[in-house]
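Peer 1: no sequence on this one, just coordinates:
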């Protein structure tokens, strides 16, 4: 192939990866923002059809978890995650995806150590450290209230 | 309408920050989620997160920091009501719906669907 230096530089420029950080971050912002905005829409919708606010607060994450589990089962969520990165990881839908995805992959290991245990591969640490830190906060809050 | 804009912005920013952490520090997704839930508890404890929830609604409650917020708020309310035992009961009470939904729907979906062959 005959190319001169200038053409080679242009060829390289065209094929070099643009800084993935900026693109990744933008995608995460966009998809994460959209999921949260959709959640807000769901929130307003539940209120609109007359469900009490205290119930809506729990019903919205439950709905999101259901939708995420379903789309993970079908295989759409993981395809989307390849584009959206942290945008599909950080919302509660990412938590539900982290429950379903390893469980489906390791179903062959059986219903106990396959499905039962693998559902908590990522959810487990999240719950462990979340509960621990909340108990520490609770104890401090109680202690400050007593003195 | 402003609530939608704020939820998009705050939710998007929380996700973008996680993406920067993943790209720059090679933190695994599991570590990011643990970091976020713990951070959510901490920010709620110091009083920063609640105003954010009031501003951005689901933009603040949907990211995993919101899970930490629910844990911390649950604990706080339970301590107010029942004293020290509330530190042990409040967190999971506040998040019971989400955790139970993840277990139940996760289980059902896992039974129905099979994994794609790994490539």
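Peer 2: Received, thanks. These figures come from a predicted structure and were not determined experimentally. Numbers count the residues shown, from 1 in each chain, chains lettered A, B, ... in the order given.

Peer 1: Contact partners for residue A:84?
Peer 2: Counting by CB atoms under 8 Å, 6 or more residues apart in numbering or on different chains, residue A:84 makes contact with A:27, A:28, A:30, A:31, A:32. Quick note: C-beta positions are derived from backbone N, CA and C, even for glycine.

Peer 1: from the residues you listed, which is closest to chain B?
Peer 2: Taking CB to the nearest CB as the measure, residue A:32 is the one of the contacts of residue A:84 closest to chain B, at 2.5 Å.

Peer 1: any idea of the pLDDT on that closest one?
Peer 2: The model reports residue A:32 with a pLDDT of 98.

Peer 1: residues touching residue A:51, list them.
Peer 2: Counting by CB under 8 Å, 6+ apart, residue A:51 makes contact with residue A:59.

Peer 1: In the chain, where is pLDDT below threshold?
Peer 2: This is for chain A. Along chain A, the model assigns pLDDT under 70 to residues A:1-3, A:11-19.

Peer 1: meant chain B, my bad for not saying
Peer 2: Residues of chain B that meet the cut-off, pLDDT under 70, sit at B:116-119.

Peer 1: what residues are up against residue 90?
Peer 2: The chain I'm using is chain A. Residue A:90 makes contact with A:28, A:32, B:14, B:15, B:18, B:32, B:33, B:36, B:63, B:64, according to CB under 8 Å, 6+ apart.

Peer 1: I was after chain B.
Peer 2: A:134, A:138, B:71, B:74, B:75, B:76, B:77, B:78, B:79.

Peer 1: are any of these buried, and which?
Peer 2: When those are checked for burial by 16 or more other CB atoms under 10 Å in any protein chain shown, the buried set is A:134, A:138, B:71, B:74, B:75, B:76, B:78, B:79.

Peer 1: Can you tell me the element the second one falls in?
Peer 2: It stands for residue A:138. Using DSSP states H and E, residue A:138 falls within helix A:120-146.

Peer 1: Quick one: the contacts of residue A:90 as TSV, columns for distance to residue B:45, secondary structure and neighbour count too.
Peer 2: Below are the contacts of residue A:90 laid out as TSV (distance: CB to CB, whole Å; DSSP: H, G, I helix; E, B strand; the rest coil; neighbours: other CB atoms under 10 Å in any protein chain shown):
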residue	distance to residue B:45	secondary structure	neighbour count
A:28	26	helix	29
A:32	24	helix	34
B:14	18	helix	30
B:15	23	helix	33
B:18	21	helix	28
B:32	20	helix	21
B:33	19	helix	26
B:36	15	helix	28
B:63	17	strand	35
B:64	16	helix	27
